[in-house]
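Engineer: Sequence first, predicted coordinates after that:
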Amino acid sequence: MRKKKLRLLVTKYCERDCAGCCNKDIDLDALPVAQSYKGYKEISISGGEPLSDMYSLENVIKKIKRVNKSAKIYVYTSRSEEFDQFRYLMRLKISGITLTVHNKSDKLNFYKLNTKLADDFRPFREASLRLIVLKGVNIDPDIFGNGIWHLKNNVEWQEKCPLPEGEELMRVDWAVEDRQRDPESEEFQEIREDSEFSSEDGMRRMFRQAVTYRIVRCTILRRKFYVND
């Protein structure tokens, strides 16, 4: 019987190397590929860092919405400096964002983000904004008087990160997503016609993201080659 909640990994790539990261205990390539998004009441999009490739993230969100209009969609991220990307996600009509603050640098970025949210909260007024603060970071609780964030403070990494009851963990098909990022592929040309990036400026941004992804991927593969050589 299918569970009601899905935790969906949309990418393996992340610029961080957190000591307690759950992904270090999991063979991400061995995870089952999500064949359908029907029947779920809630889908949490994670990674890697989902905001590292906004084009692919948008594509996955739209795939979900085409087949499951009632599912609540949440995006998990650690990019506390990306206010514009947060606003963009609201245009995609997701249910909310869960932001994790890992360290002091994240904390400073979060304070700036929170100020921008307070000044321009209208796009977020119907969304659930959840903040997870790792132990030792010490976010000032007084800033939550504006009611924007639901705070979970002093959170510790959990060994092997057990899934909550009623939730299952899957991933997208990496190969399909790779082709959809390639500006020369048929998939890329088809998706761009139905994309929020369809404007001239948006297409330039989408192309830069696709090229950046390929550069990052080549760099990672090169590092693995040298390590294994």
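Structural biologist: In hand now; what should we look at?
Engineer: Show me the residue at the heart of the chain, geometrically.
Structural biologist: By Cα atoms, centre = their mean, the chain has its centre lying nearest to residue 50, at 2.8 Å.
Engineer: pLDDT weak spots in this structure?
Structural biologist: Residues of the chain that meet the criterion pLDDT under 70 lie in 1, 143-146, 177-229.
Engineer: Recalculate using a threshold of 80.
Structural biologist: The chain contains residues with pLDDT under 80 at 1-2, 19-20, 140-147, 158-161, 176-229.
Engineer: Show me where it has its strands.
Structural biologist: 5-9, 42-46, 72-77, 96-101, 128-134, 150-155, 167-171 (DSSP state E).
Engineer: nearest to residue 15, of those?
Structural biologist: Residue 15 lies closest to strand 72-77 among the strands of the chain, at 11.9 Å (Cβ to Cβ). In this view, the C-beta of every residue, glycine as well, is placed from N, C-alpha and C.
Engineer: in that closest one, what's buried?
Structural biologist: 73, 74, 75, 76, 77 (16 or more other Cβ atoms under 10 Å).
Engineer: just stretch 65-74 next, same as before
Structural biologist: Quick answer for stretch 65-74 (16+ other Cβ under 10 Å): 65, 68, 71, 73, 74.
Engineer: wait, which of those residues is closest to residue 17?
Structural biologist: Out of the buried residues of stretch 65-74, the member with the shortest distance to residue 17 (by Cβ to Cβ) is residue 74, at 24.3 Å.
Engineer: ok, now which ones touch residue 159?
Structural biologist: Listed by Cβ atoms under 8 Å, 6 or more residues apart in numbering, the contact set of residue 159 reads residue 25.
Engineer: how close does it sit to residue 25?
Structural biologist: 8 Å (Cβ to Cβ, to the nearest Å).
Engineer: on that earlier part again, including distance to residue 112, could the strands of the chain go into JSON lines?
Structural biologist: Shown next, in JSON lines, are the strands of the chain (distance: least, Cβ to Cβ, whole Å):
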{"stretch": "strand 5-9", "distance to residue 112": "28"}
{"stretch": "strand 42-46", "distance to residue 112": "24"}
{"stretch": "strand 72-77", "distance to residue 112": "15"}
{"stretch": "strand 96-101", "distance to residue 112": "12"}
{"stretch": "strand 128-134", "distance to residue 112": "14"}
{"stretch": "strand 150-155", "distance to residue 112": "17"}
{"stretch": "strand 167-171", "distance to residue 112": "32"}
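Engineer: Just the buried positions in stretch 38-49, please.
Structural biologist: Using 16+ other Cβ under 10 Å as the test for burial, stretch 38-49 gives 40, 43, 44, 45, 46, 47, 48, 49.
Engineer: ok, now stretch 126-134?
Structural biologist: 127, 129, 130, 131, 132, 133, 134.
Engineer: What are the contacting residues of that stretch?
Structural biologist: Contact with stretch 126-134 is made by 74, 90, 94-103, 110, 117, 139, 148-157, as judged by Cβ under 8 Å, 6+ apart.
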